[in-house]
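>>> here you go, sequence then predicted model.
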Amino acid sequence: MVKMDAAAVEVVDRTNYIAKSRASMEALKSANLLKSVSINALILGEKGVGKETLARHIIDAPLVEATLFNELLTLIETNASVIVKNFHLITNYKKLKIALETHKTRIIATSSAPLSEALMDEFFSLKITIPPLREREEDVEPLIEKFAFEAYVMFGESRSTPFSLKDIIADVSQNCYSLRRSVYNAYLMSGFGEKEILSMMEQFLSHRIGGRNDYRDLLYLFDVPLIKSGHAKFGSQLAMSEKFGLNRNTLRKKINDYKDKLDFE
(Lines give C-alpha, C1' and ligand atoms only; values in the text may rest on other atoms or scores of the structure.)
Protein backbone atom coordinates (compact mmCIF):
# COMPACT_ATOMS: atom_id res chain seq x y z
CA MET A 1 0.00 0.00 0.00
CA VAL A 2 1.28 3.48 -0.84
CA LYS A 3 1.62 5.60 2.28
CA MET A 4 1.18 9.34 1.81
CA ASP A 5 2.11 12.16 4.13
CA ALA A 6 -1.04 13.70 5.66
CA ALA A 7 -0.02 17.26 4.75
CA ALA A 8 0.59 16.25 1.15
CA VAL A 9 -2.81 14.56 0.95
CA GLU A 10 -4.43 17.74 2.22
CA VAL A 11 -2.74 19.81 -0.48
CA VAL A 12 -3.65 17.35 -3.23
CA ASP A 13 -7.27 17.08 -2.12
CA ARG A 14 -7.81 20.80 -1.74
CA THR A 15 -6.60 22.11 -5.08
CA ASN A 16 -4.76 19.42 -7.07
CA TYR A 17 -2.04 22.06 -7.57
CA ILE A 18 0.96 21.28 -5.36
CA ALA A 19 2.05 24.36 -3.44
CA LYS A 20 4.93 23.65 -1.08
CA SER A 21 7.68 25.88 -2.49
CA ARG A 22 7.56 29.63 -2.09
CA ALA A 23 7.12 30.13 -5.85
CA SER A 24 4.19 27.72 -6.01
CA MET A 25 2.56 29.28 -2.97
CA GLU A 26 2.81 32.71 -4.60
CA ALA A 27 1.29 31.33 -7.81
CA LEU A 28 -1.55 29.72 -5.84
CA LYS A 29 -2.12 32.95 -3.93
CA SER A 30 -2.51 34.85 -7.20
CA ALA A 31 -4.80 32.11 -8.53
CA ASN A 32 -7.03 32.35 -5.48
CA LEU A 33 -7.25 36.11 -6.02
CA LEU A 34 -8.36 35.49 -9.61
CA LYS A 35 -11.21 33.31 -8.36
CA SER A 36 -12.81 36.40 -6.88
CA VAL A 37 -12.16 38.95 -9.63
CA SER A 38 -13.27 38.57 -13.25
CA ILE A 39 -10.17 39.57 -15.18
CA ASN A 40 -8.14 37.92 -17.92
CA ALA A 41 -4.87 36.32 -16.83
CA LEU A 42 -1.91 34.54 -18.40
CA ILE A 43 -0.10 31.62 -16.75
CA LEU A 44 3.45 31.36 -18.06
CA GLY A 45 5.98 28.54 -17.68
CA GLU A 46 7.70 25.56 -19.27
CA LYS A 47 5.70 22.55 -20.41
CA GLY A 48 4.66 20.34 -17.51
CA VAL A 49 4.98 22.86 -14.67
CA GLY A 50 1.27 22.82 -13.82
CA LYS A 51 -0.17 25.70 -15.84
CA GLU A 52 -3.33 23.87 -16.88
CA THR A 53 -3.91 22.56 -13.35
CA LEU A 54 -3.66 26.07 -11.96
CA ALA A 55 -5.96 27.44 -14.67
CA ARG A 56 -8.60 24.85 -13.78
CA HIS A 57 -8.23 25.85 -10.14
CA ILE A 58 -9.11 29.43 -11.07
CA ILE A 59 -12.17 28.75 -13.22
CA ASP A 60 -14.39 25.83 -14.12
CA ALA A 61 -14.50 26.37 -17.88
CA PRO A 62 -13.95 24.51 -21.16
CA LEU A 63 -10.33 24.23 -22.26
CA VAL A 64 -9.24 24.56 -25.87
CA GLU A 65 -5.93 24.49 -27.72
CA ALA A 66 -5.03 27.84 -29.29
CA THR A 67 -4.32 26.11 -32.58
CA LEU A 68 -8.00 25.09 -32.83
CA PHE A 69 -8.93 28.68 -33.57
CA ASN A 70 -12.43 28.12 -34.96
CA GLU A 71 -13.33 25.94 -31.98
CA LEU A 72 -11.96 28.66 -29.71
CA LEU A 73 -14.19 31.28 -31.33
CA THR A 74 -17.22 29.01 -30.92
CA LEU A 75 -16.49 28.51 -27.22
CA ILE A 76 -16.10 32.26 -26.75
CA GLU A 77 -19.56 32.77 -28.27
CA THR A 78 -21.20 30.19 -25.99
CA ASN A 79 -19.35 30.47 -22.67
CA ALA A 80 -18.73 33.17 -20.09
CA SER A 81 -15.20 31.89 -19.49
CA VAL A 82 -12.69 29.84 -21.50
CA ILE A 83 -9.25 28.38 -20.75
CA VAL A 84 -6.93 28.83 -23.74
CA LYS A 85 -3.94 26.49 -23.87
CA ASN A 86 -0.74 27.59 -25.66
CA PHE A 87 -1.90 31.16 -26.21
CA HIS A 88 1.37 31.99 -28.00
CA LEU A 89 0.16 29.85 -30.93
CA ILE A 90 -2.92 31.97 -31.67
CA THR A 91 -3.09 32.62 -35.43
CA ASN A 92 -5.27 35.76 -35.45
CA TYR A 93 -5.03 37.96 -32.37
CA LYS A 94 -7.11 40.75 -33.92
CA LYS A 95 -10.07 38.46 -34.59
CA LEU A 96 -9.72 36.98 -31.09
CA LYS A 97 -9.80 40.44 -29.52
CA ILE A 98 -12.99 41.33 -31.39
CA ALA A 99 -14.67 38.07 -30.31
CA LEU A 100 -13.76 38.57 -26.65
CA GLU A 101 -15.04 42.15 -26.61
CA THR A 102 -18.23 41.25 -28.49
CA HIS A 103 -19.23 38.39 -26.20
CA LYS A 104 -17.67 39.74 -22.97
CA THR A 105 -15.90 36.42 -22.44
CA ARG A 106 -13.21 35.97 -19.83
CA ILE A 107 -10.08 33.96 -20.67
CA ILE A 108 -7.43 32.33 -18.52
CA ALA A 109 -4.60 31.46 -20.87
CA THR A 110 -1.42 29.39 -20.61
CA SER A 111 1.78 29.75 -22.58
CA SER A 112 5.19 28.09 -22.61
CA ALA A 113 6.68 31.01 -24.53
CA PRO A 114 6.81 34.67 -23.45
CA LEU A 115 4.49 37.18 -25.09
CA SER A 116 5.35 40.67 -26.22
CA GLU A 117 4.46 43.51 -23.89
CA ALA A 118 1.97 44.74 -26.48
CA LEU A 119 0.05 41.44 -26.44
CA MET A 120 0.19 41.28 -22.66
CA ASP A 121 -1.28 44.77 -22.35
CA GLU A 122 -3.93 44.05 -24.99
CA PHE A 123 -5.30 40.82 -23.51
CA PHE A 124 -4.30 40.38 -19.88
CA SER A 125 -4.48 42.20 -16.57
CA LEU A 126 -2.32 39.74 -14.63
CA LYS A 127 0.53 37.32 -15.36
CA ILE A 128 1.46 34.33 -13.19
CA THR A 129 4.83 32.71 -13.80
CA ILE A 130 5.44 29.14 -12.61
CA PRO A 131 9.14 28.21 -12.42
CA PRO A 132 10.33 24.75 -13.56
CA LEU A 133 10.48 21.92 -11.04
CA ARG A 134 14.28 22.07 -10.94
CA GLU A 135 13.81 25.44 -9.21
CA ARG A 136 11.02 24.17 -6.92
CA GLU A 137 12.64 21.31 -5.03
CA GLU A 138 10.10 21.50 -2.19
CA ASP A 139 7.33 20.57 -4.61
CA VAL A 140 8.98 17.39 -5.91
CA GLU A 141 8.36 15.14 -2.88
CA PRO A 142 4.62 15.89 -2.56
CA LEU A 143 4.27 15.52 -6.33
CA ILE A 144 5.93 12.10 -6.12
CA GLU A 145 3.42 11.14 -3.41
CA LYS A 146 0.55 12.43 -5.53
CA PHE A 147 1.69 10.48 -8.61
CA ALA A 148 2.35 7.35 -6.50
CA PHE A 149 -1.22 7.51 -5.24
CA GLU A 150 -2.44 7.93 -8.82
CA ALA A 151 -0.44 4.82 -9.78
CA TYR A 152 -1.93 2.86 -6.89
CA VAL A 153 -5.46 3.84 -7.91
CA MET A 154 -4.79 3.14 -11.59
CA PHE A 155 -2.84 -0.12 -11.35
CA GLY A 156 -3.90 -1.50 -7.97
CA GLU A 157 -1.82 -3.29 -5.35
CA SER A 158 -0.54 -6.63 -6.63
CA ARG A 159 2.90 -6.90 -5.01
CA SER A 160 3.96 -8.96 -2.01
CA THR A 161 6.20 -6.18 -0.60
CA PRO A 162 5.17 -2.53 -0.05
CA PHE A 163 6.14 0.00 -2.73
CA SER A 164 8.69 2.46 -1.36
CA LEU A 165 8.94 6.04 -2.56
CA LYS A 166 12.67 5.73 -1.93
CA ASP A 167 12.85 3.47 -5.00
CA ILE A 168 11.99 6.39 -7.27
CA ILE A 169 14.70 8.27 -9.15
CA ALA A 170 12.95 11.59 -9.74
CA ASP A 171 13.29 12.82 -13.31
CA VAL A 172 12.32 16.51 -13.56
CA SER A 173 13.89 17.12 -16.98
CA GLN A 174 10.39 17.61 -18.44
CA ASN A 175 8.83 18.79 -15.19
CA CYS A 176 5.67 16.91 -14.20
CA TYR A 177 5.58 14.91 -17.43
CA SER A 178 8.88 13.16 -16.75
CA LEU A 179 8.34 13.05 -12.98
CA ARG A 180 4.98 11.28 -13.34
CA ARG A 181 6.53 8.86 -15.83
CA SER A 182 9.41 8.03 -13.46
CA VAL A 183 6.95 7.39 -10.59
CA TYR A 184 4.70 5.18 -12.70
CA ASN A 185 7.71 3.25 -14.03
CA ALA A 186 9.08 2.69 -10.52
CA TYR A 187 5.66 1.60 -9.26
CA LEU A 188 5.21 -0.93 -12.05
CA MET A 189 8.79 -2.21 -11.97
CA SER A 190 8.65 -2.79 -8.21
CA GLY A 191 6.06 -5.50 -8.89
CA PHE A 192 8.00 -7.15 -11.71
CA GLY A 193 9.09 -10.75 -11.33
CA GLU A 194 11.49 -12.79 -13.44
CA LYS A 195 8.81 -13.57 -16.00
CA GLU A 196 7.95 -9.90 -16.56
CA ILE A 197 11.60 -8.86 -16.77
CA LEU A 198 12.43 -11.56 -19.32
CA SER A 199 9.37 -10.67 -21.38
CA MET A 200 10.29 -6.98 -21.33
CA MET A 201 13.87 -7.74 -22.35
CA GLU A 202 12.66 -9.99 -25.17
CA GLN A 203 10.45 -7.21 -26.55
CA PHE A 204 13.23 -4.65 -26.20
CA LEU A 205 15.79 -6.85 -27.96
CA SER A 206 13.46 -7.95 -30.74
CA HIS A 207 13.55 -4.41 -32.15
CA ARG A 208 17.34 -4.11 -31.95
CA ILE A 209 18.82 -7.39 -33.17
CA GLY A 210 19.83 -8.07 -36.74
CA GLY A 211 23.51 -7.10 -36.91
CA ARG A 212 26.62 -9.24 -37.07
CA ASN A 213 27.80 -8.58 -33.48
CA ASP A 214 24.51 -8.35 -31.59
CA TYR A 215 25.52 -10.63 -28.72
CA ARG A 216 28.69 -8.68 -28.00
CA ASP A 217 27.14 -5.25 -28.60
CA LEU A 218 24.07 -5.91 -26.40
CA LEU A 219 25.77 -7.76 -23.56
CA TYR A 220 25.98 -4.48 -21.61
CA LEU A 221 22.22 -4.76 -20.97
CA PHE A 222 23.03 -7.59 -18.59
CA ASP A 223 26.49 -6.53 -17.39
CA VAL A 224 25.76 -2.89 -16.49
CA PRO A 225 22.79 -3.44 -14.13
CA LEU A 226 24.57 -6.41 -12.53
CA ILE A 227 27.74 -4.40 -11.92
CA LYS A 228 25.82 -1.37 -10.64
CA SER A 229 23.67 -3.41 -8.25
CA GLY A 230 26.75 -5.37 -7.14
CA HIS A 231 28.65 -2.17 -6.45
CA ALA A 232 25.73 -0.76 -4.45
CA LYS A 233 25.38 -3.97 -2.40
CA PHE A 234 28.98 -5.13 -1.92
CA GLY A 235 30.85 -1.83 -2.13
CA SER A 236 34.18 -2.93 -3.61
CA GLN A 237 35.49 -4.61 -6.73
CA LEU A 238 37.13 -7.30 -4.61
CA ALA A 239 33.86 -8.24 -2.94
CA MET A 240 32.03 -8.08 -6.26
CA SER A 241 34.50 -10.39 -8.00
CA GLU A 242 34.23 -12.91 -5.12
CA LYS A 243 30.42 -12.86 -5.08
CA PHE A 244 30.14 -13.01 -8.87
CA GLY A 245 32.79 -15.72 -9.20
CA LEU A 246 34.55 -13.43 -11.66
CA ASN A 247 38.27 -12.76 -12.08
CA ARG A 248 39.18 -9.28 -10.77
CA ASN A 249 40.95 -8.33 -13.99
CA THR A 250 37.91 -9.39 -16.01
CA LEU A 251 35.63 -7.36 -13.75
CA ARG A 252 37.96 -4.35 -13.94
CA LYS A 253 37.98 -4.56 -17.75
CA LYS A 254 34.18 -4.70 -17.85
CA ILE A 255 33.95 -1.66 -15.57
CA ASN A 256 36.37 0.22 -17.82
CA ASP A 257 34.46 -0.82 -20.95
CA TYR A 258 31.17 0.44 -19.49
CA LYS A 259 32.51 3.51 -17.67
CA ASP A 260 30.26 5.82 -19.70
CA LYS A 261 27.22 3.88 -18.46
CA LEU A 262 28.32 3.50 -14.80
CA ASP A 263 28.14 6.13 -12.06
CA PHE A 264 31.31 5.14 -10.21
CA GLU A 265 35.01 4.98 -10.82
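The structure has been received and is ready for your questions. Keep in mind it's a predicted model, so treat the numbers as computed, not measured.

>>> so which bits of stretch 80-99 are buried?
81-88, 90, 96, 99 (16 or more other Cβ atoms under 10 Å). Any C-beta I mention is one placed from the backbone N, CA and C, and that applies to glycine too.

>>> ok, now stretch 43-58?
In stretch 43-58, the ones that count as buried by 16+ other Cβ under 10 Å are 43-45, 48-58.

>>> give me the distance from that stretch to the chain's centre.
Relative to the centre of its chain, stretch 43-58 is centred 13 Å away, using Cα atoms, centre = their mean, to the nearest Å.

>>> kindly report the same for stretch 121-128.
27 Å.

>>> next one: stretch 60-73
The answer for stretch 60-73 is 24 Å, by Cα atoms, centre = their mean.

>>> so which of the buried residues of stretch 43-58 comes closest to Leu205?
Comparing the buried residues of stretch 43-58 against Leu205 with Cβ to Cβ places Gly48 closest, at 31.0 Å.

>>> assign a three-state SS to that closest one, would you?
Look at Gly48: counting by DSSP: H, G, I helix; E, B strand; the rest coil, its state is coil.

>>> before we move on, the earlier item: now the two most distant members of the buried residues of stretch 80-99.
Among the buried residues of stretch 80-99, the pair separated by the greatest distance (Cβ to Cβ) is Ser81 and His88, at 20.1 Å.

>>> among the buried residues of stretch 43-58, which ones are in helices?
Counting by DSSP state H, these place 51-58 in helices.

>>> nearest to Phe234 among those?
Nearest to Phe234 among those, counting by Cβ to Cβ, is Thr53 at 43.9 Å.

>>> what ranges does the stretch 101-250 of the chain have for its strands?
Secondary structure of the stretch 101-250 of the chain (DSSP state E, counting those that start in this stretch): strands at 106-111, 126-129.

>>> most packed of those?
Mean neighbour count, computed with mean count of other Cβ atoms under 10 Å, is highest for strand 106-111 among these, reaching a mean of 24.

>>> now for it, which elements pack on it?
On a contact count with 3 or more Cβ pairs under 8 Å, 6 or more residues apart in numbering; DSSP states H and E, strand 106-111 meets strand 41-44, helix 51-58, strand 81-85.

>>> quick one, longest helix in the chain?
Longest helix in the chain, counting by DSSP H: helix 137-155.

>>> may I see the buried residues of that one?
Neighbour-count burial for helix 137-155 [16+ other Cβ under 10 Å]: 139-140, 142-151.

>>> in JSON lines: those, plus distance to Val37 and pLDDT.
Below are those laid out as JSON lines (distance: Cβ to Cβ, whole Å; pLDDT from 0 to 100):
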{"residue": "Asp139", "distance to Val37": "26", "pLDDT": "96"}
{"residue": "Val140", "distance to Val37": "31", "pLDDT": "95"}
{"residue": "Pro142", "distance to Val37": "28", "pLDDT": "93"}
{"residue": "Leu143", "distance to Val37": "29", "pLDDT": "94"}
{"residue": "Ile144", "distance to Val37": "34", "pLDDT": "93"}
{"residue": "Glu145", "distance to Val37": "32", "pLDDT": "91"}
{"residue": "Lys146", "distance to Val37": "29", "pLDDT": "92"}
{"residue": "Phe147", "distance to Val37": "32", "pLDDT": "92"}
{"residue": "Ala148", "distance to Val37": "36", "pLDDT": "89"}
{"residue": "Phe149", "distance to Val37": "33", "pLDDT": "89"}
{"residue": "Glu150", "distance to Val37": "32", "pLDDT": "90"}
{"residue": "Ala151", "distance to Val37": "37", "pLDDT": "88"}
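
>>> for His103, which of the helices and strands packed on strand 106-111 is the nearest?
For the helices and strands packed on strand 106-111, proximity to His103 was assessed by Cβ to Cβ; strand 81-85 is nearest, at 9.9 Å.
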